[in-house]
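1. sequence-free structure coming up:
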Ligand code: GDP
């Protein structure tokens with residue numbers, strides 16, 4: 001079994017109709033989607049998901065934004081999934097993201113940066129488990 005990473009297509013990208021194009025880039029990039037759903041986070045759920053950032057100045061803005069509309073959450077499988085997906089999405093700030101990356105193409109600002117990607121194998125497992133049970137992953 002390959003490694004996994006976890007992603008969310010964030011509210012603005014979904015609202016702007018980019019979910020399909022982003023998922024196409026993900027599968028063209030060699031990732032297999034092993035779980036996926038569309039849902040809207042409550043503020044409390046966004047706060048729980050991003051608890052690691054609770055002392056950062058942008059925490060309120062981030063959790064407000066992430067609960068502002070539907071997202072697409074997915075588990076992605078590939079060799080070296082975490083690192084390869086971070087490369088495919090590009091830098092946190094889209095102004096610094098490399099050409100061809102998802103954030104360069106679809107993000108509107110550092111806060112509304114189109115997608116989330118796990119930053120470690122341990123966090124990928126935790127984040128996938130936040131949204132999906134064993135029976136939801138294929
Ligand atoms: P990531 O791993 O590349 O998503 O970046 P971080 O873990 O550093 O930050 C998590 C998320 O917080 C980012 O994806 C952004 O949506 C948001 N974020 C990070 N820095 C800022 C900031 O300076 N302002 C705002 N509004 N949001 C930020």
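-> Looks like it arrived, so ask away. Here the structure is a predicted model, which is why all the values come from computation and not from measurement. Residues are numbered from 1 along each chain as shown.
2. Kindly report the residues of this protein close to the ligand.
-> For the chain, the contact set with the ligand under C-beta under 6 Å from any ligand atom comprises 58, 61-62, 92, 110-111, 113, 116, 119. All C-beta atoms are positioned from the backbone trio N, CA, C, and that covers glycine.
3. correct me, but residue 14 touches residue 66?
-> No. The criterion here is C-beta atoms under 8 Å, and residue 14 misses it with residue 66 at 11.3 Å.
4. what secondary structure does residue 33 sit in?
-> Using DSSP: H, G, I helix; E, B strand; the rest coil, the three-state assignment for residue 33 comes out as strand.
5. That should have said residue 7, apologies.
-> Judged by three-state DSSP, the three-state class of residue 7 is strand.
6. just checking, it touches residue 116?
-> Yes. Using C-beta under 8 Å, residue 7 is in contact with residue 116, at 5.8 Å.
7. Any regions of the chain where pLDDT drops low?
-> The chain contains residues with pLDDT under 70 at 1.
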